[in-house]
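Asks: Sequence isn't available, so here's the structure alone:
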């Protein structure tokens, strides 16, 4: 019986990733009863990413996921969930508020018609969330995170924004007038999970399914910076909205991925926040209030005298010969970064597992440590001159966390080895920092 239950759970998990759950098994009366589908999907994320790695090596003879880029994408996914430590998701919170006060028609939660209507409603609203995220600069400042990778693989799906949820909730509010929050809570998660598997180059064409569903082929276009790709294929699960509203494009020329102006860094806070600073500086170059405001509410390509969405005259020409940013770094350094990334991943997991039992000060401290670690590792990957100093500071914090049992090893049997590794890390980077300081003094003399 236990084996049968485990098999059933595995089957349900796999089907969740591909929007193959039935209304009977995913309709709930109360929001509290809705499973945390996204959180439960972590093993499937890992499994599919490993599968993509293996198949990629067999098909191409090399890795389809460069280490630095993959770790940056996963780091962005980690950061995007940090607000959930102190609040429920903005989309669901706002939705429940409108439902409780302004509901016009209360559709029955246990009806298959309600389930399918909500699926269409969520996917339709997502299309407009996504489209506005490309057409309004201040929202694009959040969404550009997802497009910042110059590679296209399953880790790219995890490259999410810390701030986008603070605007996306607006677009789902009309649905809250009729569709029960629990059914919405199901579909907002299933819609997100479906979009994970379409971030791959290994699946080329799905035949007739391409007419109705968003697929890897369609979504590759969306991630391209080729002129024919820009602002196309916004759909979540369905591609029909793009066909209806004139934003559909077929994959033709080789897709070159990433932002029109690549940022060429793996420093995670810069990846998340740089475009806000860019908009602020750009708005300050204009004298009139109208132009200053237009910088934030019109399209990213807008300039005074141009249409709302601007044009792409100033875009760098895409030739198909572009080489993605991938700095060369030594194998020992790669091993070091991977080990410390796994350690912070364990801390991240423990934080979310035990957040209800931890004090607010402890949650804040662990959050700062996670951000510091992901930032420092990005500095190492980028090989910045200040990486040694920042990593020394981080190792001091890590030793302190170990001392007060706020950091656990990957496995209990590795506790002593982990402590030794952390101490050696601190010693190494302290010596590196000291060496850099001596070199600076010598140059000064």
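Replies: Ah, there it is. Remember, predicted model here, so these are calculated numbers, not experimental data.
Asks: Please list all residues in contact with residue 355.
Replies: 85, 363 (C-beta atoms under 8 Å, 6 or more residues apart in numbering). No exception for glycine: its C-beta is placed from N, CA and C like everyone else's.
Asks: That one and residue 193: what is the separation?
Replies: 22 Å (C-beta to C-beta, to the nearest Å).
Asks: what about the host helix or strand of residue 73, average pLDDT?
Replies: Assigned by DSSP states H and E, residue 73 belongs to helix 67-80. In this model, helix 67-80 has a mean pLDDT of 96.
Asks: Also stretch 198-211?
Replies: 96.
Asks: For it, measure first residue to last.
Replies: 15 Å (C-alpha to C-alpha, to the nearest Å).
Asks: Okay, and the closest residue to residue 387 other than its chain neighbours sits in which element?
Replies: Nearest non-adjacent residue to residue 387, counting by C-beta to C-beta, 6 or more residues apart in numbering: residue 379, 3.9 Å away. Take DSSP H and E as the rule and residue 379 turns out to sit in helix 360-382.
Asks: What residues sit buried inside the helix or strand that that helix is followed by?
Replies: Per DSSP H and E, the first helix or strand lying C-terminal to helix 360-382 is helix 387-403. Neighbour-count burial for helix 387-403 flags 387-392, 394-395, 397-398, 401-402 (criterion: 16 or more other C-beta atoms under 10 Å).
Asks: Stretch 204-219 now?
Replies: Neighbour counts using 16+ other C-beta under 10 Å place 210, 213-219 of stretch 204-219 among the buried residues.
Asks: One more: stretch 228-245?
Replies: Within stretch 228-245, the residues that count as buried by 16+ other C-beta under 10 Å are 229-242.
Asks: Can you tell me which of these end up in helices?
Replies: Judged by DSSP state H, helices contain the following of the buried residues of stretch 228-245: 240-242.
Asks: Just the closest of these to residue 153, please.
Replies: Comparing these against residue 153 with C-beta to C-beta places residue 242 closest, at 22.8 Å.
Asks: Give me the distance between the longest helix along the chain and the centre of its chain.
Replies: Ranked by residue count and defined by DSSP H, the top helix of the chain is helix 415-444. Here helix 415-444 is found 32 Å from its chain centre; the criterion is C-alpha atoms, centre = their mean, to the nearest Å.
Asks: Now do it, average pLDDT.
Replies: For helix 415-444, mean pLDDT rounds to 89.
Asks: Can you check what angle separates that helix from helix 360-382?
Replies: Interaxial angle, helix 415-444 versus helix 360-382 (axes from the mean of the first three to the mean of the last three C-alpha atoms, to 10 degrees): 60 degrees.
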